[in-house]
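Enquirer: sequence plus the predicted model coming up.
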Protein chains: 2
Amino acid sequence: LRTRARRADQNRLADIYGRAAEVFWRKGYHAASLNDLAKAVGLTKPGLYHYIRGKEQILFGIMSHAMNLLQVRVVDVVRSIADPEVRLKATLERHARLIVSEAPAVGVLAEEMAGLSPAHRRRIAQRKRDYLNLIRSTLQELQAAGRLRDVDITTTAFCLSAMIVWLPRWYHPEGRLSPEQVVAEIVKIGAGAVCRPGCAG
Amino acid sequence: LRTRARRADQNRLADIYGRAAEVFWRKGYHAASLNDLAKAVGLTKPGLYHYIRGKEQILFGIMSHAMNLLQVRVVDVVRSIADPEVRLKATLERHARLIVSEAPAVGVLAEEMAGLSPAHRRRIAQRKRDYLNLIRSTLQELQAAGRLRDVDITTTAFCLSAMIVWLPRWYHPEGRLSPEQVVAEIVKIGAGAVCRPGCAG
């Protein structure tokens, strides 16, 4: 029974993070009040305090959840791909798809780092660095094989990441391009920026 | 005498915008208080009110100033370049150089749109759309001449813009790459993403 109650609490918490991410995404972290969050979740403010200690804890929860998604849906899958070009394209594709499908939570991850406590910010920043290093090591492999354009690896890694992270700022799923089309475009543009002529379409 | 006093006020206002941009960039717009701004400018809060009506007016002033810089240093210069590939590279180069040299003001432009009043937000958003349309029309010219990769023009315009606007999030001028080196990398990566093999290095 205790386990079941704990699981119900955890499901409620996941729901709170999801709805809070939407509020933060729409209003910005600083402009959003605990009242806004309680209202979005359908709880009173004291009710909300049963699950969380404060706004910063929700922000850290959202960002940790987004980093977990990035780990499971991108990093863990692409790591086993041997060919660096195939791995790079799979990374861009899976990361872009994650951004398009989980825009509020993953968007908050990019936009609201300043809202975290210093200790939490260090933890999220470290996880982001690990992700960027995965892209950089893939670019290094391409370079060692003579398949990378004459570009700086760190600048390129940040540029590729910027293209994807910027998506929620302009892309509307109900617009001209379907989610799968915009993901495919990101892969084409990103791979084109990086791979020597002949390697990308 | 009256004109001289007005000019002194305008210079002071430009100085206030510059220092305020640094505060907004460091702390975020919502977290920054009028006290923080007054302190950075070396005025008391009532002294600051001699020049400005409030925080939102400063934000709009900073963003209008940044859009003016984009107009004068990028748009007005590249508009007269006939060849679309040369024009695209000049646009990337000049925009990236502006971001690297005026990071706080131009950075705030990308990050703090939510802080503007609805009327001011519409005006800045319109100016951003005009800039993006310049990039899109250059890409359309390349496409008409058969010199563009098989990519979607709108997605490409946003990706190029994202690479540049993201620069202040990671680039440190005192690091491994000089400002001119990182600008050159952005041009190579951006042009490579866009132009058919043979057109970019």
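Expert: Received it, and whenever you're ready, just let me know what you need.
Enquirer: ok, and for the helix or strand containing residue A:77, which residues are buried?
Expert: For residue A:77, the element it lies in under DSSP states H and E is helix A:76-78. For helix A:76-78, the neighbour count (16 or more other CB atoms under 10 Å in any protein chain shown) marks residue A:78 as buried. In short, each C-beta sits where N, CA and C put it, glycine included.
Enquirer: who's in contact with the least confident helix or strand in chain A by mean pLDDT?
Expert: Lowest on mean pLDDT, DSSP states H and E among the helices and strands of chain A sits helix A:103-111, with a mean of 81. Applying CB atoms under 8 Å, 6 or more residues apart in numbering or on different chains, the external contacts of helix A:103-111 come out as A:17-18, A:21-22, A:24-25, A:28-29, A:59, A:62-63, A:65-67, A:69-70, A:98-99, A:124, A:165, A:167-168, B:111.
Enquirer: pull out the buried residues from stretch A:115-128.
Expert: Those would be A:115-116, A:120, A:124, A:127-128, for stretch A:115-128 by 16+ other CB under 10 Å.
Enquirer: okay, stretch A:5-13 in CSV with CA atoms only?
Expert: Below are the C-alpha coordinates for stretch A:5-13, written out as CSV (Å, rounded to 0.1, in the frame of the first residue of the first chain):
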residue,chain,number,x,y,z
ALA,A,5,0.9,5.6,-2.5
ARG,A,6,4.4,6.5,-3.4
ARG,A,7,3.9,5.6,-7.0
ALA,A,8,0.7,7.7,-7.1
ASP,A,9,2.8,10.6,-5.7
GLN,A,10,5.4,10.1,-8.3
ASN,A,11,2.9,10.1,-11.1
ARG,A,12,1.3,13.3,-9.7
LEU,A,13,4.8,14.8,-9.6
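Enquirer: what average pLDDT does the helix or strand containing residue A:95 get?
Expert: Per DSSP H and E, residue A:95 falls inside helix A:84-101. The average pLDDT within helix A:84-101 is 96.
Enquirer: what's the answer for stretch A:153-164, then?
Expert: pLDDT averaged over stretch A:153-164 gives 96.
Enquirer: picking up where we left off before, give me the average confidence score over the helix holding residue A:77.
Expert: 97.
Enquirer: so what does that helix touch, helix or strand wise?
Expert: When contacts are defined as 3 or more CB pairs under 8 Å, 6 or more residues apart in numbering or on different chains; DSSP states H and E, helix A:76-78 sits against helix A:84-101.
Enquirer: give me the residues contacting the helix it packs on.
Expert: A:69-70, A:73-74, A:77-78, A:81, A:106-107, A:134-135, A:138-139, A:141-142, A:145, A:147, A:160-161, A:164-165, A:167-168, A:171, A:173, A:179, A:182-184, A:186-187, A:190-191, A:194-195, A:199.
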